[in-house]
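Asker: following is a predicted model, sequence given first.
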Amino acid sequence: MRVVSGIKPTGNLHLGNYLGAVKQWVAMQDEVQAAGGETMYFIADLHGLTEWIEPANLYANTIEMTATLVAAGIDPARSILFNQTRVPAHSELAWLLNNVARVGWLNRMTQFKDKAGKNREGASVGLYDYPVLMAADVLIYNATHVPVGEDQKQHLELARDIATKFNLDYGRDLFTLPEPLVSKKAPRIMSLRDASAKMSKSNPSEQSLIKLIDSDETIADKFRKAKTDPEPLPDSWDALEVRAEARNLVTIFAALADRTPEDVVAEFAGKGFGQFKPALADLAVAKLGPIRDEMLRLLGDRGEIDAILARGAEKARALAAPVLRSTQEAMGLVA
């Protein structure tokens, strides 16, 4: 079993990024390896180019994302951790697979329609074609499983279609058809000031989000000032359906504590937010503080992060090289 997954580099990471993606990866690393499998994680910096970003920011985001993953528990000694750019086989295989993928397949990709909006003619070719690069990202390592959320299922199906067509066209059983790895549903973390909106770094209010670099005092202060209602917590999770702010804070508590929301509600039933918020703040500081400290230490030593990515890329290139060579041979590019 080989699990391969990538994440686009983004800066100013916040609690929503951690609980929605990073924490899930750490759990996956432990679960897959306990079952005898291997895990490969990459920073998808090439995918970061599909929307304009200042070059200096892209590199800085790659460094920050790497530091965050390692600080949160991704172990470079156990998982292969690298960024795409250091493994040119990703791009090379993507071009080869462009000649296998069909235009009709890409036209059905809903994410292009969503991201391009009404300006499809002005969108980059990369934004249109990136699902083929996503296919190459996993096929180059013959991944057996790929973690997918609801919005990624279509991309995995495309990878399987491309692999199937290649194997049939060239008469070789070269590419493994990756299976979806459905992990525990990631919690949807909302703004601390308006629970109808996702927690986002684009929100102008600093009080709306918990940044992973926030100090213990700042984390506690933001949770104390988080918007709530005057009612105490009920004894039923379902009763919070119409209380968005309260539901959001319970969701955060449950995700940080690795408990179910139902369990958290049962513990705090009948108690007001004057008791719940301090408990949440203490929990968040206990969980996020050590991650922040290690992340800041790593960011203070770019050489260590560069070495981690270099070692991971060397291992990844060794795995990718024979697959790329076999693909080139099958297509008549090399003898």
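Answerer: Yep, it's here.
Asker: can you pull out the residues in contact with stretch 265-284?
Answerer: Outside stretch 265-284, the residues that touch it by CB atoms under 8 Å, 6 or more residues apart in numbering are 15, 210, 219-220, 223-224, 226, 228, 232-237, 240, 246, 249-250, 252-253, 256-257. Yep, even glycine has a C-beta here, placed from its N, CA and C like the rest.
Asker: which parts of this structure belong to which domain?
Answerer: 2-187+302-330, 206-298 (automatic domain parsing).
Asker: and the next helix or strand past the helix or strand where L283 lies?
Answerer: For L283, the host element (DSSP states H and E) is helix 273-299. Following helix 273-299 in sequence order, the next helix or strand is helix 302-330 (DSSP H and E).
Asker: and the helices in the protein?
Answerer: 15-17, 23-34, 55-72, 89-98, 103-107, 110-116, 125-139, 153-169, 216-224, 244-257, 261-268, 273-299, 302-330 (DSSP state H).
Asker: okay, the third one in CSV with CA atoms only?
Answerer: Right, helix 55-72. Written as CSV, here are the backbone C-alpha positions of helix 55-72 (Å, rounded to 0.1, in the frame of the first residue of the first chain):
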residue,chain,number,x,y,z
PRO,A,55,7.4,34.4,-6.8
ALA,A,56,9.0,35.3,-3.5
ASN,A,57,5.7,34.5,-1.7
LEU,A,58,5.4,31.1,-3.5
TYR,A,59,8.8,30.0,-2.2
ALA,A,60,8.1,31.4,1.3
ASN,A,61,4.8,29.6,1.4
THR,A,62,6.5,26.3,0.4
ILE,A,63,9.0,26.8,3.3
GLU,A,64,6.2,27.7,5.8
MET,A,65,4.0,24.7,4.7
THR,A,66,6.9,22.3,5.1
ALA,A,67,7.7,23.7,8.6
THR,A,68,4.1,23.4,9.6
LEU,A,69,3.8,19.8,8.4
VAL,A,70,6.9,18.7,10.3
ALA,A,71,6.0,20.6,13.4
ALA,A,72,2.6,19.1,13.4
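Asker: packing partners for it?
Answerer: Counting contacts by 3 or more CB pairs under 8 Å, 6 or more residues apart in numbering; DSSP states H and E, helix 55-72 is packed against helix 23-34, strand 38-43, strand 80-83, helix 273-299, helix 302-330.
Asker: which neighbouring elements make contact with the lowest-mean-pLDDT helix or strand in the chain?
Answerer: Here the helix or strand of the chain ranked lowest by mean pLDDT, DSSP states H and E is helix 110-116, holding a mean of 80. The elements that helix 110-116 packs onto, with contact taken as 3+ CB pairs under 8 Å, 6+ apart, are helix 125-139, helix 153-169.
Asker: just the buried residues of it, please?
Answerer: 112, 115 (16 or more other CB atoms under 10 Å).
Asker: again with stretch 171-186
Answerer: 174-178, 181, 183.
Asker: got it, and stretch 93-113?
Answerer: In terms of neighbour count (16+ other CB under 10 Å), stretch 93-113 has its buried residues at 93-94, 96-97, 100-101, 105-106, 109, 112.
Asker: adding distance to I80, write these out as TSV.
Answerer: Compiled in TSV, those are given as follows (distance: CB to CB, whole Å):
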residue	distance to I80
L93	17
A94	19
L96	22
L97	22
V100	26
A101	26
W105	29
L106	29
M109	28
F112	29
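Asker: just the closest of the residues you listed to P147, please.
Answerer: M109 (19.0 Å; CB to CB).
Asker: so what's the residue count around the residue lying closest to that closest one once chain neighbours are set aside?
Answerer: Using CB to CB, 6 or more residues apart in numbering and skipping residues adjacent in sequence, the residue nearest M109 is P131, 5.4 Å away. Using other CB atoms under 10 Å, P131 has 25 neighbouring residues.
Asker: could you measure from P131 over to K211?
Answerer: 31 Å (CB to CB, to the nearest Å).
Asker: over to V32?
Answerer: 29 Å.
Asker: equivalent analysis for Q154, please.
Answerer: 32 Å.
Asker: so which of those two has more stuff around it?
Answerer: A count of neighbours by other CB under 10 Å puts K211 above the other of Q154 and K211, at 18 against 15.
Asker: now for the nearest residue to that one once chain neighbours are set aside: which residues touch it?
Answerer: Among residues not flanking K211 along the chain, H14 sits closest, at 5.2 Å (CB to CB, 6+ apart). With contact set as CB under 8 Å, 6+ apart, H14 has these partners: 199-201, 209-212.
Asker: in a markdown table, list those residues along with distance to F166 and pLDDT.
Answerer: Below are the contacts of H14 laid out as a markdown table (distance: CB to CB, whole Å; pLDDT from 0 to 100):
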| residue | distance to F166 | pLDDT |
| --- | --- | --- |
| M199 | 40 | 91 |
| S200 | 39 | 89 |
| K201 | 39 | 85 |
| L209 | 43 | 93 |
| I210 | 45 | 95 |
| K211 | 43 | 94 |
| L212 | 40 | 93 |
